[in-house]
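Novice: Below are the sequence and a predicted model; questions follow.
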Amino acid sequence: HADVSLVNASDELDIEGFREWRPEFKDAEFVKENGVFQVGREVEKMSKSKYNVVNPDAICEEYGADALRLYEMFLGPLEQSKPWNTAGITGVFAFLKKLWRLYHSGENGSFFLSEDKPNQGALKTLHKTIKKVKEDIEDFSFNTSVSTFMICVNELTSQKCNARGILEPLIILISPYAPHVAEELWSMAGHDTSVSHADFPEFDEKFLVEDQKEYPISFNGKMRFTLTLPLDLSKEEIEKRVLGDEKTQSQLGGKPPRKVIVVPGKIVNIVI
């Protein structure tokens, strides 16, 4: 065994460090391949006798306790042994920074929560996150919760969401996973008590009900483009909107269609 601190992210051994650590190998010859000496990894429990113990204090000092906490949950199911690779923690650390930036969209990157009413897209993102995280907590599937938070933050960032009605529940939702960051954001949001005293967000199924459909628009059976339409339209209304679209008119070239086949909620096929 080699001390894990002497192995870098590419599994290359620090030979000089190894010589100092194990004096009996001070004069040993290390045969390199392509200029490096690589070691293998085994999935084992951390143990001093195996020299594979990682000091959490050093990781907390560099990345913070929340990053270490999230990374350990992100590695996989709790009941399984997982290989430890400190290089992987940078991805979780980047996620926490992205989460922080989500709440700092004000002038010069200042903390900002809007009092505007949340839009449907943001509400859908929040409530599908609530649903998944509550299920994962009950099943002790914390690794998939971390993935869900990453997806949620990416979606809210792309939506440029800064609504308090979305971002405050998200703080509560992530607080069991990243308590230090959550407490800081909760305080910045104007609360005097701990986020741990806040009521956990409730899932509302109505926000996940789809009210629109992206119809594939085909001509003679070949799809040419898609068109998003409300799901409550009748066949006649769907046909009218599709035929009135400029992309449809471009495909028709000024000629009337021979037939329009509409299957509500599924497809539109125009025979020309």
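Specialist: Cool, the structure landed. In this text the structure is predicted, and so the values were computed from the model without any measurement.

Novice: Name the SS class of Val92, please.
Specialist: Of the three states, Val92 takes helix under DSSP: H, G, I helix; E, B strand; the rest coil.

Novice: list the contacts for it?
Specialist: Neighbour list for Val92: Tyr63, Ala67, Leu70, Tyr71, Phe74, Val146 [criterion: CB atoms under 8 Å, 6 or more residues apart in numbering]. C-beta: built from backbone N, CA, C; applies to glycine.

Novice: Report pLDDT for it.
Specialist: Note for Val92: predicted pLDDT of 94.

Novice: about what we covered before: pull out the buried members of the contacts of Val92.
Specialist: Tyr63, Ala67, Leu70, Tyr71, Phe74, Val146 (16 or more other CB atoms under 10 Å).

Novice: ok, and the closest non-adjacent residue to the second one?
Specialist: The one in question is Ala67. Phe93 (4.6 Å; CB to CB, 6 or more residues apart in numbering).

Novice: still on that earlier bit, relative to Arg101, which of the contacts of Val92 is nearest.
Specialist: Ranked by distance to Arg101 (CB to CB), these are led by Ala67 at 15.3 Å.

Novice: Please name the nearest non-neighbouring residue to Thr90.
Specialist: Tyr63 (7.9 Å).

Novice: residues contacting the one you found?
Specialist: Contacts of Tyr63 (CB under 8 Å, 6+ apart): Ile89, Thr90, Val92, Phe93.

Novice: Just to be sure, Ser10 is in a helix?
Specialist: No. Ser10 is assigned coil when assessed by three-state DSSP, not a helix.

Novice: Around it, how many other residues sit close by?
Specialist: Using other CB atoms under 10 Å, Ser10 has 8 other residues around it.

Novice: neighbours around Ser147, how many?
Specialist: 14.

Novice: ok, now the one 5 residues further on?
Specialist: Counted with other CB under 10 Å, the burial measure for Cys152 works out to 23 neighbours.

Novice: what about the longest helix that the chain contains, average pLDDT?
Specialist: Longest helix in the chain, counting residues (DSSP state H): helix 120-139. Throughout helix 120-139, pLDDT has a mean value of 94.

Novice: What are the boundaries of the helices in the stretch 51-200 of the chain?
Specialist: Secondary structure of the stretch 51-200 of the chain by DSSP state H, counting those that start in this stretch: the helices cover 56-63, 65-74, 89-102, 120-139, 142-158, 164-174, 179-188.

Novice: on that earlier part again, pull the most distant pair out of the buried ones among the contacts of Val92.
Specialist: By the measure CB to CB, Tyr63 and Val146 form the most distant pair in the buried ones among the contacts of Val92, at 14.7 Å.

Novice: what's the distance between the nearest residue to Leu231 once chain neighbours are set aside and Ile166?
Specialist: Nearest non-adjacent residue to Leu231, counting by CB to CB, 6+ apart: Lys213, 5.1 Å away. Counting by CB to CB, to the nearest Å, the gap from Lys213 to Ile166 is 25 Å.

Novice: likewise Phe37?
Specialist: Phe37 sits 51 Å away from Ile166, taking CB to CB as the criterion.

Novice: who has more neighbours, these two?
Specialist: With neighbours defined as other CB under 10 Å, Phe37 and Ile166 compare such that Ile166 has more, 24 against 14.
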